[in-house]
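**Q** Generate coordinates for the sequence data below:
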Amino acid sequence: MSHPALNTRICELFGVEYPIVQTGMGWVAGARLTSATSAAGGLGILASATMTYDELRKAIGEVKDRTDKPFGVNLVTGQPDIDRRLDLLIGEGVKVASFAQAPSREVIAKLRDAGVVTVPTIGAKRHAEKMAEWGVDAVIAQGAEGGGHTGVVPTSLLLPQVVDAIDIPVLGAGGFTDGRGLVAALAWGADGIAMGTRFLLTKESTVPDGVKQIYLETPVTGTVVTTAIDGYPQRVIRTEMVEGIEASSVVTRFPKALRHALAFRKVTKTSYRDLLAQGLAMKKSEDLTWSQLAMAANAPMLIKASMVDGRPEVGILPTGQGIGVIDELPTVAELLERIMAEADTTLRRLNS
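**A** Presented below is the predicted three-dimensional model:
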């Protein structure tokens, strides 16, 4: 029997056995990885930003065919068909809706009224306070060690700040890979942890083996946070491709970014009209230039090149700094069992 401290508020809120969440990584968190995580006792989250509506509906069906355990879907509030996607989640009985960017009051209210748990990811204390005020059920506080788009405050400083500022459950993210990290998060006041890179490096992850090997060989010092990819700080593995992007000027980046934007439109079957509408909405809400908007479409296609097509030489590899301490590919079930056993041992040692 696990230590009582490991049965947290997040377990009850999500209806899961373990206070561990697999984040909705674009092109990575598909039905296989999500269902494996949920079936093993954690909360798996589907990444829908890189899916069409029909692909999302199919993926939800696949997860439900593989497990009857609760799971979540990661959404982007700026998607033109966001209302339709919300209705899909509600109709399918999806337990959790997570967001990389802040959902609107209206989205939060709609999900809450339907009984769907809403969990945005935040990178600053003030963002957590705003989301709590708007009525979300929990937040993921991601520190600077996290992969992909990330903030500047280390997890060890951000997590206690957020926990002290709000009353709802908080999950820690950024740099977590094992049971000792879970205990550290609990000590800071969190109710569990959320991990991306650690789940990417499991047997159920569909990332090509050659790309996984690059991750396994990357040291703690092998990552970089860059704004050159899409205008936002993003932690990725330092590769020749990334160094080339950083060395190029905004003028030379823009045409490539625009081509990637149009390519992403084709992959996700977004009409030019919807692409323009989404761009206008982002431009208004985030005060972006047209050049930045085009760059914002860079990341999905560059990530796809690596994570789906297996071509890291022309793509990017988002990762957390925890990559430097990961050296093997367990199954998801093995990973979760090990994390929980290590956390239990650590807690009992501290209590002795």
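
**Q** C-alpha only now, for contacts and for neighbours.
**A** Noted.

**Q** pLDDT at Phe176, what is it?
**A** On pLDDT, Phe176 comes in at 98.

**Q** mind showing which ranges of the stretch 201-350 of the chain have poor pLDDT?
**A** Within the stretch 201-350 of the chain, the stretches with pLDDT under 70 are 248-299.

**Q** Distance check, His76 against Ile82.
**A** Wrong residue type there; residue 76 is Val, not His. With distances taken as C-alpha to C-alpha, to the nearest Å, Val76 is found 7 Å from Ile82.

**Q** Same question for Glu17.
**A** As judged by C-alpha to C-alpha, Glu17 and Ile82 stand 30 Å apart.

**Q** who has more neighbours, these two?
**A** Each of Glu17 and Ile82 has its neighbours counted (other C-alpha atoms under 10 Å); Glu17 has more, 19 against 15.

**Q** What pLDDT is listed against that one?
**A** 98.

**Q** hey, what's in contact with both of Val76 and Ile82?
**A** Contact with both Val76 and Ile82 is made by no residue, according to C-alpha atoms under 8 Å, 6 or more residues apart in numbering.

**Q** need the strands for the stretch 201-350 of the chain, in chain order.
**A** Using DSSP state E, counting those that start in this stretch, the strands of the stretch 201-350 of the chain run over residues 223-226, 234-237.

**Q** which one of these lies closest to Pro318?
**A** Nearest to Pro318 among these is strand 234-237 (4.1 Å), distances taken as C-alpha to C-alpha.

**Q** That closest one packs against which elements?
**A** Judged by 3 or more C-alpha pairs under 8 Å, 6 or more residues apart in numbering; DSSP states H and E, strand 234-237 is in contact with strand 148-149, strand 223-226.

**Q** Export those strands as a markdown table, with columns for mean neighbour count and distance to Val308.
**A** Putting the helices and strands packed on strand 234-237 into a markdown table (neighbours: other C-alpha atoms under 10 Å; distance: least, C-alpha to C-alpha, whole Å) gives the following:
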| stretch | mean neighbour count | distance to Val308 |
| --- | --- | --- |
| strand 148-149 | 24 | 16 |
| strand 223-226 | 21 | 21 |
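
**Q** For the ones you listed, could you give me TSV that also reports distance to Ala47?
**A** Shown next, in TSV, are these (distance: least, C-alpha to C-alpha, whole Å):
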stretch	distance to Ala47
strand 148-149	14
strand 223-226	22
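
**Q** This completes my enquiry, with thanks.
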